[in-house]
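In: predicted model and sequence below, questions to follow.
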Amino acid sequence: MKTTAKAPANIALIKYWGRKNETLRIPANDSLAICLDKSFTLTTVEFREDLEKDRVFIDKKEAIEKEKERVVKHLNKIRKKAGIKFFAQVVSKNSFPAATGLASSASGFAALTLACSKAAGLNLSEREISRLARLGSGSACRSIPDGFVYWHGGNSDRNSYAYSLYSHLYWGLRDLTIIIQKEKKKISSTKGHQLAFQNPFLKSRLKLVKENLKKIKKAFKNKDFSLLGKVIESEALSLHSVMLTSQPALIYWQPATLAIIHKVIDLREKGEIESYFTIDAGPNVHLICQKGQEEKLKKEIQKINGVKKVVINKPSVGARLINKHLF
Ligand code: DP6
């Protein structure tokens, strides 16, 4: 039976960087993210008796060996859990460029996990799907629940999963995803996580994350946008401090990345638009603003040299099964 799932990307406001356990993808710290409505992956899966191997297509092309290997590894876990032996046809489509720090692995593995577990006949709870998605890509566990999502890092496979802290309708925040580079990044986040634990600065970052988690929970509870903004910028800069001081150094920023940061600070200081930046493992920037400010902000950002595209996202529901198949 063909099964299709749609899963949103998510932007972490408190990030996951470094792992206590590599194979189980148990993160060094808890994280908090927003699911995004315009940035998503659609994936159709079908297990078939007639296939002699797994076939994986991503964005209309047969997946390259490295990508396919990761997907097949995930399929094997689900096959084992469901007790089935058939190979699968997997067709996946992203609404945004893959592997540029725009969380394609998050939405990708979230959609794959949901579609695949259903197609394999498993009937799993949201928590179980989140745990399973985490094994494919850590941040994917946050693309399963709705809205504003918290990943309880935990210390074992059982207690490391994400859940919804607030529904997508709780707070009218907007995310502007600013694409300045569509090419794939040279060093993957998977490799970056491994480098983090050899970095002496990670210890200070983890201390700061603890404080920032407390502050951000308070900001959400009181819908305190200025507090939220201060925390997310401090968090993103602390993440990039660790990246920059890794060996080899992970220098993801491009000139346009910095130009956007300065623009955002400038707009705030002039009292024109209050928005705050966050950046993942790539040069692209996410700006968070309040509902009503997004179009004005987009206009300002589009003027910057090197900005290729700006996508406005609202908070979204998590992964869902849908009836429209990709093949
Ligand atoms: C910087 O989830 O992509 O975006 O588990 O190896 O697939 P893997 O890593 P991934 O790492 C995400 C890193 C980040 C921060 C975040 O989204 O929390």
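Out: Cool, got the structure.
In: from here on, contacts and neighbour counts on C-alpha atoms
Out: Will do.
In: pLDDT score for the nearest residue to residue 106 once chain neighbours are set aside?
Out: Leaving out its chain neighbours, the residue that sits closest to residue 106 by CA to CA, 6 or more residues apart in numbering is residue 140, at 3.7 Å. If you check residue 140, the pLDDT there is 98.
In: contacting residues around residue 140?
Out: Residue 140 makes contact with 105-110, 130, 133-134, according to CA atoms under 8 Å, 6 or more residues apart in numbering.
In: out of those, what pair is the most spread apart?
Out: 105 and 130 (13.8 Å; CA to CA).
In: now do the strands in the stretch 151-300 of the chain.
Out: According to DSSP state E, counting those that start in this stretch, the stretch 151-300 of the chain carries its strands in the segments 161-166, 173-179, 276-278, 285-290.
In: what sits against residue 123?
Out: Contacts here follow CA under 8 Å, 6+ apart; on that basis residue 123 touches residue 117.
In: how about residue 127?
Out: The contact partners of residue 127, taken as CA under 8 Å, 6+ apart, are 161-163.
In: quick one: work out the angle between the helix or strand encompassing it and strand 161-166.
Out: In the assignment (DSSP states H and E), residue 127 maps to helix 126-136. Relative orientation of helix 126-136 versus strand 161-166 (axes from the mean of the first three to the mean of the last three CA atoms, to 10 degrees): 120 degrees.
In: alpha carbons only: can I get helix 126-136 in CSV?
Out: In CSV, the C-alpha atoms belonging to helix 126-136 read as follows (Å, rounded to 0.1, in the frame of the first residue of the first chain):
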residue,chain,number,x,y,z
GLU,A,126,3.4,10.4,18.2
ARG,A,127,6.2,9.9,20.8
GLU,A,128,7.3,6.6,19.2
ILE,A,129,7.4,8.2,15.7
SER,A,130,9.4,11.2,17.1
ARG,A,131,11.9,8.7,18.7
LEU,A,132,12.2,6.8,15.5
ALA,A,133,12.6,9.9,13.4
ARG,A,134,15.4,11.0,15.7
LEU,A,135,17.4,7.9,14.7
GLY,A,136,17.4,9.1,11.1
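In: which residues touch stretch 305-315?
Out: Under the contact criterion CA under 8 Å, 6+ apart, stretch 305-315 has outside partners 34-39, 147-148, 168-169, 172-181, 256, 294, 298, 301-302.
In: which positions in this protein make contact with the ligand?
Out: Residues of the chain lying close to the ligand by CA under 6 Å from any ligand atom are 12, 15-17, 105-106, 137-139, 189-190, 280-281.
In: which stretches of this protein have low pLDDT?
Out: 98-104, 183-185 (pLDDT under 70).
In: how is the chain divided into domains?
Out: 2-169+316-322, 173-313 (automatic domain parsing).
In: which of those is buried the deepest?
Out: Ranked by mean neighbour count, those are led by domain 2-169+316-322 with a mean of 22 (mean count of other CA atoms under 10 Å).
In: how long is it end to end?
Out: 11 Å (CA to CA, to the nearest Å).
In: again with stretch 319-327
Out: End-to-end distance for stretch 319-327, by CA to CA: 20 Å.
In: residues contacting that stretch, please?
Out: Here stretch 319-327 makes contact (CA under 8 Å, 6+ apart) with 2-8, 42-44, 91-92, 110-111, 114-115, 143-146.
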